[in-house]
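Student: Below is the structure, and that's it, no one-letter string:
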């Protein structure tokens, strides 16, 4: 398709000696613009995709894939219901839970607490928590009714360690002639976990299920069932049978999967990701306009050369191909460097952020506002391919007008005054 002399002429024009310095500088800026746009787009998409996957993993690992909540907030015979649901295909584990709110007091300090009552064997099988114990152990969790497991962020904030006392106060206490007396119970920290999600590491407290039943006055009842599946993608396949088994067991309540529980949040993340893709694509578009201007200036500076080539027998199509090679080469090189640089930066983003923070003292990634302790980045091959295709198509389109303009150069007029 392309002849040897066309490549030679195009490569000569691309070289520094092939044209004046000003056009060279503009061409380099155009190439750098494409490189910057492609790289920024890949890094941004990787961070937002990684943020979604990381947060999804934390949410599912902490709460399970499906939640059954009985009407009225309490259910009896939960063991029978759990056994029934355990027989459903794709179900790995069903655990009864009881969750309530309280005020946690650590000496003179207090904070909001989400207290989760759970059986010892269920907590030990909850891999996200059990595999991220940084202090203490879950081996003796449940041996005493005053055992409590807390998050690392909370422990750091209030100086808690193994053996520290935490007092829980609930406003729903005993009603007396003098008003409501809050329920107060003291617990002892036996383990500290760090799952890497700010809310969980700061506000969640695990206590034995029987202790939570006594504290929140549930008797022998629980607040619901959490169901863990073999994979998050199995939820649509498994949800109908789970719902039917609950109805068959004579239970009444809501069955919510992780998509329903977190729909608004993850939809917002997807909208933000799409918006960022469009916004950052404008960087590539601006760079493409620079390619157009560079090519037009190159055509004007090489008018005499084009005329000589035409008089030597070069066809309009040949001239078009020469300048098509020049413009597309700028786009291809910029895109290639952007893809390589973007993937490399995405895979080393936390190191770069730590370096910038160490040099400037500024906070690049605030875990309190972004929920996750470290910058997540997950390079999606399909997104990289999509960005590459968009950049290449725009770059190729940018070469069409200047190449056609070069091909339409009249050699007689161009050489008239030579």
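Tutor: Received, thanks. Quick caveat: nothing in here was measured; it's all calculated off a predicted structure.
Student: so what does the helix or strand hosting residue 104 touch, helix or strand wise?
Tutor: Using DSSP states H and E, residue 104 maps to strand 91-106. Secondary-structure packing of strand 91-106 (3 or more CB pairs under 8 Å, 6 or more residues apart in numbering; DSSP states H and E): helix 78-86, strand 109-118, helix 120-125, strand 165-176, helix 209-215, strand 224-229. Heads up, the C-betas are built off the backbone N, CA and C, glycines and all.
Student: and it, average pLDDT?
Tutor: Taken as a whole, strand 91-106 has a mean pLDDT of 90.
Student: picking up where we left off before, kindly reformat the helices and strands packed on strand 91-106 as a markdown table and extend each row with mean pLDDT and mean neighbour count.
Tutor: Shown next, in a markdown table, are those (pLDDT from 0 to 100; neighbours: other CB atoms under 10 Å):
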| stretch | mean pLDDT | mean neighbour count |
| --- | --- | --- |
| helix 78-86 | 86 | 17 |
| strand 109-118 | 90 | 18 |
| helix 120-125 | 91 | 17 |
| strand 165-176 | 78 | 14 |
| helix 209-215 | 90 | 20 |
| strand 224-229 | 90 | 23 |
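Student: right, and those - which one's nearest residue 44?
Tutor: Smallest distance to residue 44 across the helices and strands packed on strand 91-106 (CB to CB): 31.4 Å, for strand 224-229.
Student: list the helices and strands that closest one packs on?
Tutor: Judged by 3+ CB pairs under 8 Å, 6+ apart, strand 224-229 is in contact with strand 66-70, helix 78-86, strand 91-106, helix 235-248.
Student: Show residues contacting that strand.
Tutor: By CB atoms under 8 Å, 6 or more residues apart in numbering, the surrounding residues in contact with strand 224-229 are 63-70, 75, 78, 81-82, 85, 90-97, 99, 235, 238, 242, 253.
Student: Return a PyMOL selection command for the buried portion of those.
Tutor: Buried residues among the contacts of strand 224-229 (16 or more other CB atoms under 10 Å), as a PyMOL selection:
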select buried, resi 63+64+65+66+67+68+70+75+78+81+82+85+90+91+93+94+95+96+97+99+235+238+242+253
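Student: how about the helices and strands packed on strand 91-106 in TSV, adding distance to residue 257?
Tutor: Shown next, in TSV, are those (distance: least, CB to CB, whole Å):
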stretch	distance to residue 257
helix 78-86	13
strand 109-118	19
helix 120-125	19
strand 165-176	30
helix 209-215	23
strand 224-229	9
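Student: quick one, which of these is nearest to residue 199?
Tutor: strand 109-118 (8.7 Å).
Student: Stretch 394-408: how far from the chain's middle?
Tutor: Here stretch 394-408 is found 39 Å from its chain centre; the criterion is CA atoms, centre = their mean, to the nearest Å.
Student: Give the buried residues for it.
Tutor: Under 16+ other CB under 10 Å, the buried positions of stretch 394-408 are 394, 395, 396, 398, 399, 402, 403, 405, 406, 407.
Student: for stretch 318-326, same thing?
Tutor: Taking 16+ other CB under 10 Å as the criterion, stretch 318-326 shows 318, 319, 320, 321, 322, 323, 324, 325, 326 as buried.
Student: Please apply the same query to stretch 24-44.
Tutor: Neighbour-count burial for stretch 24-44, with 16+ other CB under 10 Å as criterion, is recorded at 24, 26-27, 30-31, 33-44.
Student: Check which helix or strand residue 162 maps to.
Tutor: Per DSSP H and E, there is no helix or strand for residue 162.
Student: and residue 317, that's in a strand?
Tutor: No: checked against DSSP: H, G, I helix; E, B strand; the rest coil, residue 317 lies outside a strand; its state is helix.
Student: so it touches residue 404, yeah?
Tutor: No: using CB atoms under 8 Å, residue 317 is not in contact with residue 404; the gap is 10.5 Å.
Student: Do I have it right that residue 258 meets residue 57?
Tutor: No: Residue 258 is not in contact with residue 57 according to CB under 8 Å; the separation is 10.8 Å.
Student: How is the protein divided into domains?
Tutor: 4-57+265-414, 72-251 (automatic domain parsing).
Student: Lowest average pLDDT across those?
Tutor: Within these, the stretch with the lowest mean pLDDT is domain 4-57+265-414, showing a mean of 80.
Student: ok, back up a step: of all the helices and strands packed on strand 224-229, which one comes closest to residue 157?
Tutor: Among the helices and strands packed on strand 224-229, if distance is taken as CB to CB, the winner is strand 91-106, at 8.9 Å.
Student: okay, the angle between the closest one and strand 224-229?
Tutor: Strand 91-106 and strand 224-229 are oriented at 130 degrees to each other (axes from the mean of the first three to the mean of the last three CA atoms, to 10 degrees).
Student: Strand partners (parallel or antiparallel) of strand 91-106?
Tutor: strand 109-118 (antiparallel), strand 165-176 (antiparallel), strand 224-229 (antiparallel) (DSSP bridges).
Student: Format the ones you listed as TSV; extra columns: distance to residue 335.
Tutor: Below are the strands paired with strand 91-106 laid out as TSV (distance: least, CB to CB, whole Å):
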stretch	distance to residue 335
strand 109-118	48
strand 165-176	56
strand 224-229	40
